[in-house]
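>>> Structure, please.
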Amino acid sequence: MKIFVLLKRTFDTEEKMIVSGNEIDDSSAEFIMNPYDEYAVEEAIVLREKHGGEITVVTVGDEEAEKEIRTALAMGADQAVLIENGEIEECDSHTTALLIASYLKSQEYDLIIGGNFSIDNGSGQVGPRIAEHLGIPQVTTITKIEVTDRQAVVTRDADGDEEIIEVSLPLLVTAQQGLNEPRYPSLPGIMKAKKKTIETIDVDDLELDEEELEAKSSVLEVFLPSPKESGVMIEGEPTEQVNQLISYLHTTKKVI
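Modelled structure (predicted):
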């Protein structure tokens with residue numbers, strides 16, 4: 001089974017975000033593999049252990065993404081591809097999906113696995129867009145997948161409920177939290193990862209027009225959430241508490 005895993009480099013959710021000049025200043029932030037992509041890497045490894053095959057990690061970015069790529073290789077991926085986007089002025093979901101899909105069109109694949117969404121932009125569009133470009137089935141937010149021959153039975157999270165879908169390969173799926181428990185890279189895995197191949201592809205190698213790669217969306221404004229207000233403690237008997245709450249909502253918040 002030939003499996004491709006979509007990977008993105010994102011800033012750590014524990015980092016303090018600084019907004020400067022209508023942009024996020026990430027110059028001092030720590031970067032990690034997108035957490036939802038960790039589920040994708042783990043599931044690829046589990047499927048390879050059951051069915052054999054090869055796992056290739058694919059990402060769009062620059063040389064700084066090597067750390068996150070090596071993490072995926074240390075977990076157990078076989079090889080990786082870095083599509084360099086340094087020459088592209090703005091790289092949104094459309095551009096990223098087009099770059100990856102253009103590369104995958106020249107490859108043989110049975111399964112493509114990505115994270116449900118990235119924790120920085122959170123659009124959840126890259127995976128589905130790739131599937132559309134490739135003309136293959138897609139199932140998003142999966143919590144279970146079983147593959148037999150050229151068929152897959154997939155369980156997906158549907159807003160707290162479950163859908164079970166039977167679909168043919170090749171297939172693209174996106175991983176939801178709960179799909180598995182990602183493994184930590186072992187020391188032998190980290191040492192082996194240093195020797196594994198990272199193929200670098202230039203945008204020009206994909207023979208795409210500049211107009212095709214132009215971003216289809218733009219960020220109008222970047223701002224931090226409003227500070228949380230301190231809570232109000234209501235004391236007394238239940239009847240008194242209800243009266244105080246109604247009074248507060250009416251006179252202070254003016255919502256009733």
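
>>> The lengthiest strand in the chain pairs with which strands, and in what direction?
Using DSSP state E to define each element, the chain has its longest strand at strand 138-148. If you go by DSSP bridges, strand 138-148 pairs up with strand 151-158 (antiparallel), strand 171-175 (parallel).

>>> can you list the ones you listed in JSON lines and add mean pLDDT, mean neighbour count and distance to residue 29?
(C-beta placed from N, C-alpha, C; glycine too.) Shown next, in JSON lines, are these (pLDDT from 0 to 100; neighbours: other Cβ atoms under 10 Å; distance: least, Cβ to Cβ, whole Å):
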{"stretch": "strand 151-158", "mean pLDDT": "94", "mean neighbour count": "17", "distance to residue 29": "29"}
{"stretch": "strand 171-175", "mean pLDDT": "96", "mean neighbour count": "26", "distance to residue 29": "24"}
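
>>> Just put these in CSV and tack on distance to residue 105.
Output for the strands paired with strand 138-148, formatted as CSV (distance: least, Cβ to Cβ, whole Å):
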stretch, distance to residue 105
strand 151-158, 21
strand 171-175, 13
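
>>> Any idea which of these gets closest to residue 67?
Smallest distance to residue 67 across these (Cβ to Cβ): 21.0 Å, for strand 171-175.

>>> I'd like the next helix or strand past that closest one.
Following strand 171-175 in sequence order, the next helix or strand is helix 187-193 (DSSP states H and E).

>>> Quick check: buried residues in that next one?
For helix 187-193, burial by neighbour count (16 or more other Cβ atoms under 10 Å) applies to 189, 193.

>>> Next up, the contacts around residue 167.
137, 139, 151-152, 154 (Cβ atoms under 8 Å, 6 or more residues apart in numbering).

>>> Give me the pLDDT value at it.
Residue 167 carries a pLDDT value of 96.

>>> go on, residue 21?
According to the prediction, residue 21 has pLDDT 74.

>>> Let me see the contact set for the residue lying closest to residue 11 once chain neighbours are set aside.
Distance criterion Cβ to Cβ, 6 or more residues apart in numbering; nearest residue to residue 11, sequence neighbours excluded, is residue 29 at 4.3 Å. Taking Cβ under 8 Å, 6+ apart as the criterion, residue 29 is in contact with 11-12, 15, 17.

>>> ok, residues contacting the longest helix seen in the chain?
Longest helix of the chain, by residue count under DSSP state H: helix 35-51. The contact list for helix 35-51 (Cβ under 8 Å, 6+ apart) reads 1, 3, 5-8, 13, 33, 53-55, 57, 72, 75-77, 111, 113-119, 145, 147, 174-177, 179-183.

>>> Repeat that for stretch 116-136.
In contact with stretch 116-136 (Cβ under 8 Å, 6+ apart) are residues 6, 8, 10-11, 13, 34-37, 93-94, 96-98, 100-102, 104-105, 112, 114-115, 137-138, 140-141, 170-177.

>>> cutoff 6 Å now
Residues outside stretch 116-136 that contact it (Cβ atoms under 6 Å, 6 or more residues apart in numbering) are 8, 10, 13, 34, 36, 93, 96-97, 100-101, 114, 138, 141, 170, 172, 174-176.

>>> cool, stretch 11-18 as well?
24-26, 29-32, 119.

>>> switch to 8 Å and redo it
Contacting residues not belonging to stretch 11-18 are listed as 24-26, 29-32, 35, 119-120, 224 [Cβ under 8 Å, 6+ apart].

>>> Can you list the buried residues in the longest strand of the chain?
Neighbour count says strand 138-148 has 138-145, 147 buried, by 16+ other Cβ under 10 Å.

>>> sorry, back to before: show me just the buried residues among the contacts of helix 35-51.
Buried subset of the contacts of helix 35-51 (neighbour count, 16+ other Cβ under 10 Å): 1, 3, 5-8, 33, 55, 57, 72, 75-77, 111, 113-119, 145, 147, 174-176, 179-180, 182.

>>> What about those, which are in helices?
Going by DSSP H, the helices hold 72, 75 from the buried ones among the contacts of helix 35-51.
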